[in-house]
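Engineer: Can you look at this prediction? I've put the sequence above it.
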Amino acid sequence: MNTILRPSRTEIENATRRQFIGVLAAAGILSACGSADDGAGTGPAPSTRGFVDDLGRDVQVPERPRRIVAFNEFAAGEAVLSLGGTLVGLTDQGDGSFNGPTAEAYDLTGITSIGGYGQEDAEAIALLRPDLIIGEAYGGSYNHAPRPEVLQQIAPTIIIDPTGGRDHFLRRVAEALGAEDELQRQKDEYLLRAREVAERLPEGLSVVALVGIYEGELVVYSTRSQNPLAAALVDIGVTTPAATEREPDGGADYVNVSLERMLDPDLQADVIVSEDRGDRPQAGAPLWSRMPAVAAGQAHEVAPPAGTSYRAGLAQLDVLEPLLVSADPTVVA
């Protein structure tokens, strides 16, 4: 179990931006932010470069950030870790714990929780003295608690839109870290592995990636998803049902389908793969057992990925390969 450090919280939601900045300045936090070491920031100012984030903001970021805070453990946080960046602060799951698969794949010891997604604590972030903050805006919609203009007073803050797709998201994180070469190395390794898996697959195999059943609807990953499970299916070239190719609503990376439509032709595939989160809600749905893939014994649960990086994608390919290579590609005519 990784120990999560959490500074004491001060209620700042009702404070004005000026009041909050005054509090930080009085505490000596602002003057320390941006320092590359743990001292009082007496060394020369670090070199910076321009970065235009996905909200169109021109931000001066460090050439090589060394103290990074990320606002999504599964996406930005895991991407930073996969590229060798140093995280000092990370969102938690809202209960003080980090995402289990991410914690298993990386050593999160010493990384401080900054609160749950959408409930990030600006004071906790400031106490960490980051030199770069990475937030997200899905489809341009910013949902974090501290506003970018407040965060910018703490450290250079960039906002990335995950709905641009996995490659876009990872490229933007790599650009912020100055880790483009490492990202390209990981991408090349991943694509080579994807081609190897593709060459072993039965011809004409169709696969759907299932999230699960939530609030009375079947949720399937879109082919536009940055989730490694869904992205891997696109990368190895299997056929995906028409339902997964529809444009998701509201910038999400999944498509909701009513349970009454579980047997519709545009949702069927030879194989169903879903993330094993322990509850298996789909098994209790009346039409679940009648789906062709389920009836043929080709519905599989796999371990959730650690994140969205190519490193996580490699692990996903290793899990998918034995399931798909042995599958019957004629379940759906």
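Structural biologist: That came in fine, so what should we check first? Numbering: from 1, shown residues only.
Engineer: For the rest of this, base every contact and every neighbour count on C-alpha atoms.
Structural biologist: Fine.
Engineer: low pLDDT regions in the chain?
Structural biologist: Flagging of the chain using pLDDT under 70 yields the residue ranges 1-46, 248-252, 278-284.
Engineer: Just give me the longest helix of it.
Structural biologist: When the chain is parsed with DSSP state H, its longest helix is helix 180-200.
Engineer: Contacts made by it with the rest, please.
Structural biologist: 83, 170-171, 174, 232, 235-238, 310-311, 313-314, 317, 321, 325 (Cα atoms under 8 Å, 6 or more residues apart in numbering).
Engineer: Go again with 6 Å.
Structural biologist: 174, 236, 310, 314 (Cα atoms under 6 Å, 6 or more residues apart in numbering).
Engineer: Work out the gap between it and the centre of the chain.
Structural biologist: Distance, stretch centre to chain centre, for helix 180-200: 19 Å (Cα atoms, centre = their mean, to the nearest Å).
Engineer: name the helices or strands packed onto the next helix or strand after it?
Structural biologist: The helix or strand immediately downstream of helix 180-200 is strand 207-214, counting by DSSP states H and E. Judged by 3 or more Cα pairs under 6 Å, 6 or more residues apart in numbering; DSSP states H and E, strand 207-214 is in contact with strand 217-221, strand 271-275.
Engineer: residue nearest the centroid of the chain?
Structural biologist: residue 75 (2.0 Å; Cα atoms, centre = their mean).
Engineer: just to revisit the earlier point, could you dump the helices and strands packed on strand 207-214 into a markdown table with distance to residue 50 and mean neighbour count added?
Structural biologist: Formatted as a markdown table, those follow (distance: least, Cα to Cα, whole Å; neighbours: other Cα atoms under 10 Å):
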| stretch | distance to residue 50 | mean neighbour count |
| --- | --- | --- |
| strand 217-221 | 35 | 22 |
| strand 271-275 | 39 | 22 |
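Engineer: Check for me that residue 79 belongs to a strand.
Structural biologist: No. Counting by DSSP: H, G, I helix; E, B strand; the rest coil, residue 79 falls outside a strand, being helix.
Engineer: can you tell me how far the nearest residue to it once chain neighbours are set aside sits from residue 149?
Structural biologist: Once flanking residues are discounted, residue 79 sits nearest to residue 309: 5.5 Å by Cα to Cα, 6 or more residues apart in numbering. Distance, residue 309 to residue 149, by Cα to Cα, to the nearest Å: 28 Å.
Engineer: who's more crowded, the two?
Structural biologist: When neighbours are counted by other Cα atoms under 10 Å, residue 309 comes out ahead of the other of residue 309 and residue 149, with 29 against 11.
Engineer: I figured the more buried one hits residue 81, correct?
Structural biologist: No. Counting by Cα atoms under 6 Å, no contact exists between residue 309 and residue 81, whose distance comes to 9.2 Å.
Engineer: What does residue 270 show for phi and psi?
Structural biologist: phi -70, psi -30 (degrees, to the nearest 10).
Engineer: three-state assignment of the residue nearest to residue 218 when sequence neighbours are not counted?
Structural biologist: Leaving aside its sequence neighbours, residue 218 sits nearest to residue 257 (Cα to Cα, 6+ apart; 5.0 Å). Under three-state DSSP, residue 257 falls in the strand class.
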